[in-house]
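Enquirer: sharing a model that was predicted from the sequence below.
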Amino acid sequence: MATVTVPPSLLLSAYAQNQQCSISLAFPSSRAVLPRSHGAITCCAASPSSQVVASPVSHNGRAATERTEIRLGLPSKGRMADDTLGLLKDCQLSVRQSNPRQYVAEIPQLSNLEVWFQRPKDIVRKISSGDLDLGIVGFDTVNEYGQDNEDLIIVHDALDYGECRLSIAIPKYGIFENVNSLRQLAEMPQWTPERPLRVATGFTYLGPKFMRENGLKHVSFSTADGALEAAPAMGIADAILDLVSSGTTLRENNLKEIEGGTVLQSQAVLVASRKSLTKRKGVLDITHEILERFEAHLRAVGQFMVTANMRGSSADEVARRLLSQPSLSGLQGPTISPVYSKRGGEAAIDYYAINVCVPKKALYKSVQQLRAIGGSGVLVSPLTYIFDEETPRWRQLLLKLGL
Ligand SMILES: Nc1ncnc2c1ncn2[C@@H]1O[C@H](COP(=O)(O)OP(=O)(O)OP(=O)(O)O)[C@@H](O)[C@H]1O
Ligand SMILES: O=P(O)(O)OC[C@H]1O[C@H](OP(=O)(O)OP(=O)(O)O)[C@H](O)[C@@H]1O
Ligand SMILES: [Mg+2]
């Protein structure tokens with residue numbers, strides 16, 4: 001009898017394939033693709049139907065505690081994948097992947113960190129099981145697959161992409177024509193134990209929970225992996241519960257959202273395991289660095305740096321004029337520096353250079369206000385980072401961890 005040890009991921013793939021055709025076991029050929037710690041699986045290949053004994057990795061398992069590398073899960077495909085790599089790149093964190101089909105990568109700027117590319121739902125599951133320490137996914141995915149697990153902690157709740165909401169939608173036509181709220185939907189006489197409201201959704205945890213919490217009694221659920229908006233027109237469902245962003249897909253399928261029917265608002269978030277943050281060496285430090293970079297970048301994205309010259313009798317007098325304008329107070333306040341010119345062999349000050357951060361949305365208004373108080377030569381440049389003394393989310397994280 002031969003005994004081999006393989007990572008659990010290989011066992012699962014072998015098992016899945018065995019359902020349809022042949023079973024094949026793949027072995028790591030180099031250290032580069034081998035998770036440096038994994039659960040032990042013993043395959044006893046002598047019996048006609050191979051007996052497989054698996055000891056999965058867990059927080060309490062030996063293998064999990066032996067792992068010294070820190071693991072960050074990133075979406076391997078779909079719309080979140082590119083935006084996530086884009087955010088990291090903008091934060092000077094370059095993910096080095098030798099081949100798109102290789103699921104492990106590194107970020108040279110963060111030593112001892114392994115990046116693992118996974119489906120978003122698996123990122124959440126693996127953080128819960130202790131096989132990943134950190135991950136970037138949609139908030140909807142954390143809620144659906146985290147299922148209120150208290151070990152999951154949202155470290156950054158607004159990474160500014162993947163914005164959408166999880167909403168109930170019903171047809172605009174037929175018996176739903178005059179139904180515009182969740183309450184009206186719940187009160188429709190059509191729904192009985194024998195003929196419940198049929199909802200198609202991929203969110204089979206959040207869906208029933210939301211219906212229960214909102215007092216909808218006679219509801220049944222069916223699930224599909226995509227194109228849910230077709231279900232009502234196909235007669236498969238009365239309503240759907242799915243992600244909505246621009247609303248185009250709903251509109252194109254003659255569906256509408258209803259008041260009170262939004263389960264949650266979502267965007268990409270950085271999520272971590274509480275156990276990893278508090279128990280695994282180095283996780284808190286790496287999380288701090290990632291968080292600082294994210295916060296500094298995301299804060300800067302919304303701002304321009306505006307530089308201008310202003311004639312004035314003193315820095316105080318220029319400051320008073322600037323602070324009289326609502327859009328020119330900057331982050332902490334404007335920076336005002338004297339501009340020295342040569343007059344009769346002496347250094348004289350006629351002008352002051354002012355630097356002020358302004359929200360992108362308020363740029364034109366700010367330029368108008370600057371001109372109104374005598375500003376000239378206005379230069380506008382993009383900002384890359386704004387590092388504050390301390391990132392607000394870091395304090396919140398320490399509080400959540402009781403540190
Ligand atoms: N229309 C959308 N606009 C913005 N963000 C979205 C939208 N749909 C989904 N998202 C966000 O992106 C995440 C990934 O979406 P999803 O799971 O649908 O993957 P995908 O990129 O569409 O690939 P696939 O559905 O083929 O697996 C969701 O969990 C959600 O946070
Ligand atoms: O409000 P909108 O901007 O139209 O976006 C909403 C659509 O986007 C998502 O689907 P996706 O594009 O991911 O296709 P899928 O159903 O194949 O996952 C979601 O499931 C909706 O169908
Ligand atoms: Mg999708």
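Expert: Nice, I can see it. Residues are numbered from 1 along each chain as shown. Ligands and ions are numbered 1, 2, ... in the order given.
Enquirer: so which bits of stretch 318-330 are buried?
Expert: Buried residues in stretch 318-330, defined by neighbour count with 16 or more other CB atoms under 10 Å: V318, A319, R321, L322, Q325, S327, L328, G330. C-beta: built from backbone N, CA, C; applies to glycine.
Enquirer: who's in contact with it?
Expert: 310, 312, 333-334, 336, 352, 354-359, 362, 365-366, 369-370, 372-374 (CB atoms under 8 Å, 6 or more residues apart in numbering).
Enquirer: hmm, back to that, of all the buried residues of stretch 318-330, which comes closest to W191?
Expert: S327 (52.9 Å; CB to CB).
Enquirer: could you look up the SS state of that closest one?
Expert: Under DSSP: H, G, I helix; E, B strand; the rest coil, the three-state class of S327 is coil.
Enquirer: ok, now which ones touch H297?
Expert: Each residue near H297 by CB under 8 Å, 6+ apart is listed here: L87, D90, C91, T384, Y385.
Enquirer: is it true that the last one touches A296?
Expert: Yes: taking contact to mean CB atoms under 8 Å, the distance of 4.0 Å between Y385 and A296 places them in contact.
Enquirer: overlap in contacts, those two.
Expert: With CB under 8 Å, 6+ apart as the test, Y385 and A296 reach no residue in common.
Enquirer: tell me which two of the buried residues of stretch 318-330 sit farthest apart.
Expert: Farthest-apart pair in the buried residues of stretch 318-330 is V318 and S327; separation 16.2 Å (CB to CB).
Enquirer: tell me which residue in the stretch 301-403 of the chain sits closest to ligand 2.
Expert: Proximity of the stretch 301-403 of the chain to ligand 2 (CB to the nearest ligand atom) peaks at V301, 22.0 Å away.
Enquirer: hang on, isn't that residue packed against Y161?
Expert: No: using CB under 8 Å, V301 is not in contact with Y161, being 10.9 Å away.
Enquirer: so what does the residue in the stretch 201-350 of the chain positioned nearest to ligand 1 look like in phi/psi?
Expert: Of all residues in the stretch 201-350 of the chain, the one sitting closest to ligand 1 is S245 (3.2 Å; CB to the nearest ligand atom). When read as degrees, to the nearest 10, the backbone of S245 gives phi -120, psi -80.
Enquirer: report the buried residues of the longest strand anywhere in the chain.
Expert: Longest strand in the chain by number of residues (criterion: DSSP state E): strand 346-359. Neighbour-count burial for strand 346-359, counted by 16+ other CB under 10 Å, picks out Y351, Y352, A353, I354, V356, C357, V358.
Enquirer: list the contacts of V358.
Expert: Here V358 is in contact with Q303, F304, V306, S327, L328, G330, S366 (CB under 8 Å, 6+ apart).
Enquirer: please redo it, this time with the cut-off set to 10 Å
Expert: 302-306, 327-331, 364-367, 369-370, 380 (CB atoms under 10 Å, 6 or more residues apart in numbering).
Enquirer: list the pairing partners of the host helix or strand of G135 within its sheet, with orientation.
Expert: Element membership for G135, per DSSP states H and E: strand 134-138. Neighbouring strands of strand 134-138 in its sheet, by DSSP bridges, are strand 70-75 (parallel), strand 268-273 (antiparallel).
Enquirer: against which helices or strands is the following helix or strand past that strand packed?
Expert: Scanning forward in sequence from strand 134-138 by DSSP H and E, the next helix or strand is helix 139-146. Secondary-structure packing of helix 139-146 (3 or more CB pairs under 10 Å, 6 or more residues apart in numbering; DSSP states H and E): helix 120-129, strand 134-138, strand 152-156, strand 164-171, helix 206-213, strand 255-266, strand 268-273.
Enquirer: can the helix or strand hosting V115 be found next to ligand 1?
Expert: Per DSSP H and E, V115 falls inside strand 113-118. No: judged by CB under 6 Å from any ligand atom, strand 113-118 makes no contact with ligand 1; its nearest approach is 12.2 Å.
Enquirer: which parts of the helix ranked longest in the chain are buried?
Expert: Assignment by DSSP state H gives helix 283-301 as the longest helix of the chain. Neighbour counts over helix 283-301 (16+ other CB under 10 Å) mark 283-284, 286-287, 290-300 as buried.
Enquirer: so what secondary structure elements neighbour the following helix or strand past that helix?
Expert: Next helix or strand after helix 283-301 toward the C-terminus (DSSP H and E): strand 303-311. Counting contacts by 3+ CB pairs under 10 Å, 6+ apart, strand 303-311 is packed against helix 315-323, strand 335-343, strand 346-359, helix 363-372, strand 375-382.
Enquirer: need these in CSV (columns: distance to N99).
Expert: Formatted as CSV, the helices and strands packed on strand 303-311 follow (distance: least, CB to CB, whole Å):
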stretch, distance to N99
helix 315-323, 54
strand 335-343, 48
strand 346-359, 42
helix 363-372, 43
strand 375-382, 34
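Enquirer: of all the ones you listed, which lies closest to P108?
Expert: Taking CB to CB, strand 375-382 is the member of the helices and strands packed on strand 303-311 nearest to P108, at 25.3 Å.
Enquirer: that closest one vs strand 303-311, what angle?
Expert: Angle, strand 375-382 to strand 303-311, by axes from the mean of the first three to the mean of the last three CA atoms, to 10 degrees: 160 degrees.
Enquirer: what number of residues lie near D82?
Expert: 12 (other CB atoms under 10 Å).
Enquirer: what of E252?
Expert: So E252, with other CB under 10 Å, has 9 neighbours.
Enquirer: how about it, nearest residue that isn't a chain neighbour?
Expert: When the adjacent residues along the chain are set aside, E252 lies closest to E229, with 7.7 Å between them (CB to CB, 6 or more residues apart in numbering).
Enquirer: would you double-check that the one you found falls in a helix?
Expert: Yes: under three-state DSSP, E229 falls within a helix.
Enquirer: and the residue of the stretch 1-150 of the chain nearest ligand 2?
Expert: R79 (6.6 Å).
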